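>>> generate a structure from the sequence data that follows.
(chains A and B)
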Amino acid sequence: MKVDGGCHCGQITFEAEIDPERVSICHCTDCQTMSGAPFNAVVQVSQADFTLKSGTLKMYVKTAESGNKRAQMFCPDCGNRIYATSAGDPPGGGQKFFGIRIGVINQRRELSPKRQIWHRSAQPWVNGLGDIPVVEKQ
Amino acid sequence: MQVDGGCHCGHINYEAEIDPEKVVICHCTDCQTMSGTAFRVSARVPDSDFHLLSGTPKTYIKIGASGRDREQVFCPECGTHIYAAYPGSEPQDFSLRLGTIRQRAQLKPTRQIWHGSAQAWVNDLAHIPVVENP
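Below you'll find the predicted structure:
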């Protein structure tokens, strides 16, 4: 599925060819902090299927609980997170995978997560959104 | 309730006194884009009850649906968004991003706004398979 998107201020734009079956939710505490929300939602694509159309990304490297170093790529102007990938070159010269944040994909309404990871650190209320009052006007 | 928190890289640290009854889910499309996920959650905190302890945040100004400028305050080093505010020095509530609050597991949203643009699957997380060892 062909998608496009970018950051809020418009500096970063991209196109990608994604598999809608590879959309997942991550409840890890790093994703909570960095999204500001209770979980992150991403779609995994191989590097070759992601094309940066405009802009210059900034990289922040975090060390995951596994010890893996993950490069977090974001727009330096508006702070919008775009994707994460492994830091450095993959062993054996293979392809890298990019975890694109679904919030930056224009077609996100057509995507739904297929699995959830790091559920042990999920916020306790995330399964109960239907019980939280909706206020239509702020 | 006294809380503290900060960005992922440690550049920004803060303390705040929040009201746990003022924790709001926002489903607006700007929050979807800027969080990278389905929605954002914020604790509303009077600006006088928010204290920046370390770091120099960067500000990006977006125009809200109301037409007013809205400051998005984030860490320039790691990109973690910390809070949103209106420009100027008038007393106001900051929208402090829940994910940056260390005590977030003790907080539960009390209302949802901009639900008209909510992602279709957000009420059905219980039906999405959980994989314990990614």
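>>> can you give me the strands in chain B?
Along chain B, the stretches classed as strands by DSSP state E are B:2-6, B:13-17, B:23-26, B:40-46, B:50-54, B:58-63, B:69-74, B:81-85, B:93-97, B:111-113, B:130-131.
>>> strand partners of the third one, parallel vs antiparallel please.
Spelled out, it's strand B:23-26. Counting by DSSP bridges, the strands paired with strand B:23-26 are strand B:40-46 (antiparallel), strand B:111-113 (parallel).
>>> what pairs with the residue positioned nearest the centre of chain B across the strands?
Among the residues of chain B, B:Arg97 comes closest to the average C-alpha position under Cα atoms, centre = their mean, at 1.9 Å. Each beta-bridge partner of B:Arg97 is listed here: B:Ser42, as defined by DSSP bridges.
>>> for B:Pro46, same thing?
According to DSSP bridges, B:Asp93 are recorded as the beta-bridge partners of B:Pro46.
>>> so of the strands paired with strand B:23-26, which one's packed in deepest?
Burial of the strands paired with strand B:23-26 is given as mean neighbour count (mean count of other Cβ atoms under 10 Å in any protein chain shown); strand B:40-46 ranks first at a mean of 23. Glycine gets a C-beta too; all of them are placed from N, C-alpha and C.
>>> what about it, average pLDDT?
Across strand B:40-46, the average pLDDT comes to 97.
>>> give me the residues contacting it.
Strand B:40-46 is contacted by residues A:35-38, B:3, B:16-20, B:22-26, B:31-32, B:34, B:83-84, B:91-99, B:101, B:107, B:109 when judged by Cβ atoms under 8 Å, 6 or more residues apart in numbering or on different chains.
>>> that one vs strand B:2-6, what angle?
Angular relation of strand B:40-46 and strand B:2-6 on a 0 to 180 degree scale: 130 degrees, by axes from the mean of the first three to the mean of the last three Cα atoms, to 10 degrees.
>>> what's the ChimeraX syntax to select whichever of the contacts of strand B:40-46 are buried?
Here is the ChimeraX command that selects the buried residues among the contacts of strand B:40-46 (16 or more other Cβ atoms under 10 Å in any protein chain shown):
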select /A:35,36,37,38 /B:3,16,18,22,23,24,25,26,31,32,34,83,84,93,94,95,96,97,98,99,101,107,109
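>>> how about A:Val126, what does it touch?
A:Val126 makes contact with A:27, A:38-39, B:125, according to Cβ under 8 Å, 6+ apart.
>>> give me the phi and psi for it.
Comment: the main-chain dihedrals of A:Val126 come out as phi -70, psi -20, following degrees, to the nearest 10.
>>> same question for A:Pro20.
Here the main-chain torsion angles of A:Pro20 (degrees, to the nearest 10) amount to phi -60, psi -20.
>>> pLDDT at it, what is it?
Model confidence at A:Pro20 (pLDDT) stands at 97.
>>> and what of A:Lys69?
Confidence per residue is given as pLDDT, and for A:Lys69 that number is 91.
>>> skipping adjacent residues, who's closest to it in space?
Spatially, and ignoring its direct neighbours in sequence, A:Lys69 is nearest to A:Ala87 (3.9 Å; Cβ to Cβ, 6 or more residues apart in numbering or on different chains).
>>> check contacts around the one you found.
Here A:Ala87 is in contact with A:61, A:69-71 (Cβ under 8 Å, 6+ apart).
>>> who's in contact with B:Gln92?
Taking Cβ under 8 Å, 6+ apart as the contact definition, B:Gln92 lies against B:46-47, B:85-86.
>>> roughly how far does it sit from B:Glu17?
For B:Gln92, the distance to B:Glu17 (Cβ to Cβ, to the nearest Å) stands at 15 Å.
>>> any low-confidence regions in the chain?
The chain I'm using is chain A. Across chain A, the stretches falling below the confidence threshold (pLDDT under 70) are A:137-138.
>>> that answer is for a different chain, and I need it for chain B
Counting by pLDDT under 70, chain B contains low-confidence residues at B:133-134.
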